[in-house]
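In: Take this sequence and fold it.
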Amino acid sequence: MRVRRVVDGDTLLLKDGTRVRMIGIDTPETKKEGTPVQPFGPEASEYTKKFCEGGTVRLVFDGERHDDYGRLLAHVYVGDQFLSEELIRNGLARVLYRHPYSDVMKDRFRAAENAAKRAKKGIWSLPPDKRRGAELPPGPAIDF
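Out: Below you'll find the model as predicted:
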């Protein structure tokens, strides 16, 4: 699928007008109405732009196909590179466990997030009160 533009760090707009929300991750906000730009939000958006804007991505489905906003839920790859995992590994996204997606991916994401925490990358370099709930426990979570 061809990417028209990056909406935010975790959301893409495809050439055909489809909005894709990356399943299982959450990046800090940059465009949410009524919400100020959050720390590392611009960096997450820029990372996603460099990774795939204007290029071709491969979408892999894993669980639900659409969210409550009608966006397509998918894992996003460029070649063999897995965008969600790279965002997590660089501290530019946190893992969400509330989406029904595979335990294999949740484990993979958890390992990447733990590595980012140990290295104090991105959001994990901030004091806990500045992370916007980045340390939610696995399992049901509050929807932001």
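
In: Could you check how far the nearest residue to residue 119 once chain neighbours are set aside is from residue 105?
Out: The spatial neighbour of residue 119 that comes closest, neighbours along the chain excluded (Cβ to Cβ, 6 or more residues apart in numbering), is residue 91 at 7.6 Å. Where C-beta positions appear, they are placed from N, C-alpha and C, glycine not excepted. Distance of residue 91 to residue 105, given as Cβ to Cβ, to the nearest Å: 19 Å.

In: Neighbour count for these two, which is higher?
Out: residue 91 (24 against 20; other Cβ atoms under 10 Å).

In: The more buried one belongs to a strand?
Out: No - counting by DSSP: H, G, I helix; E, B strand; the rest coil, one finds residue 91 to be coil, located in no strand.

In: how about it, what does it touch?
Out: Residues counted as contacts of residue 91 (Cβ atoms under 8 Å, 6 or more residues apart in numbering) are 40, 116, 119-125.

In: For those, work out which two are farthest apart.
Out: 40 and 119 (14.2 Å; Cβ to Cβ).

In: Would you enumerate the residues in contact with residue 79?
Out: Contacts of residue 79 (Cβ under 8 Å, 6+ apart): none.

In: ok, now with 10 Å
Out: 55-58 (Cβ atoms under 10 Å, 6 or more residues apart in numbering).
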